[in-house]
Every structure is written in C-alpha cells, then in structure tokens.
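Q: quick one: sequence and predicted model below, then my questions.
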Amino acid sequence: QVQLVESGGGLVQAGGSLRLSCTASGRTFSNYAMGWFRQAPGKEREFVAAISWSGGFTGYADSVKGRFTISRDGAKSTTYLQMNSLKPEDTAVYYCAAHAGGGYSQDANYYDSWGQGSQVTVSS
C-alpha cells in the first residue's frame, strides 16, 4: 500500500481559501487514482473530489463543484485540493485516499489507502 500524508488544513473565514496537499510514498504514485473525502462531526464520510491516475479525468461532489479543484503533481507525488469560496458547511476532517489502478470512484470502499486526515474549519 501507498502511505499518504495530508497537510494544509486550518481555520479560515467564510469566503476564504485553503489548499490541502496529500503526499504519497512507498509506491509509484502515477499508478494510483486519488480521492478526497470529508467527515463532519456526527455525519458519515462523504466524497468530495477525485482524479484518475493520469490526471485526465476528475469528478466532484455537487456541493463543491465550481469551488474546489483537484489536481496532481507526479514529480512531487502529491495531490492537491484547492478550496475557494469556503462555507461553514465545508467544516470537516478531510481525508485523501488512493486506489491502485486507473479510474476513480465516489465510493470510499473503492480506495485502498487513506491518510490521517486534516481539519478544515470555516468560521461564519
């Protein structure tokens, strides 16, 4: 399995921006599709965004479409989640996940490896 380490979370006011990073190690990063999920207190983990191994295909939850952008940098073995126009309802622990293979999925069970999570708090 690939090891994943997230960074970039924090506290931001509504309307602000944050960029999360997820750096992979232990396996060939380019072989993995990557996803971002989040979990708010008292709620189930939900899909946020995902990107195929090539970076050619991306998918987003309706709640973040147009505000969040997922990307990847093979040279740095890192996946990013750029979050703009943040809202208080975006407050959650954000997790990155990896799946060995080409395509991505919105199903959390599809992913083989998970990061430890990064807290994002958006104040109103």
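A: That came through, no problem. Residues are numbered from 1 along each chain as shown.

Q: when you work out contacts or count neighbours from here on, use the C-alpha atoms and nothing else.
A: Will do.

Q: please name the nearest non-neighbouring residue to the residue positioned nearest the centre of the chain.
A: Note on the chain: the residue nearest the mean C-alpha position is residue 36, at 2.5 Å, using C-alpha atoms, centre = their mean. Once flanking residues are discounted, residue 36 sits nearest to residue 96: 4.5 Å by C-alpha to C-alpha, 6 or more residues apart in numbering.

Q: now that neighbour: phi and psi?
A: phi -100, psi 160 (degrees, to the nearest 10).

Q: I figured it was touching residue 37, is that so?
A: Yes. The criterion here is C-alpha atoms under 8 Å, and residue 96 meets it with residue 37 at 6.3 Å.

Q: which of the two has more neighbours?
A: The neighbour comparison of residue 96 against residue 37 (other C-alpha atoms under 10 Å) goes to residue 96, with 30 against 22.

Q: run through the residues that contact the residue nearest to residue 36.
A: 4, 6, 22, 34-37, 114-115, 117 (C-alpha atoms under 8 Å, 6 or more residues apart in numbering).
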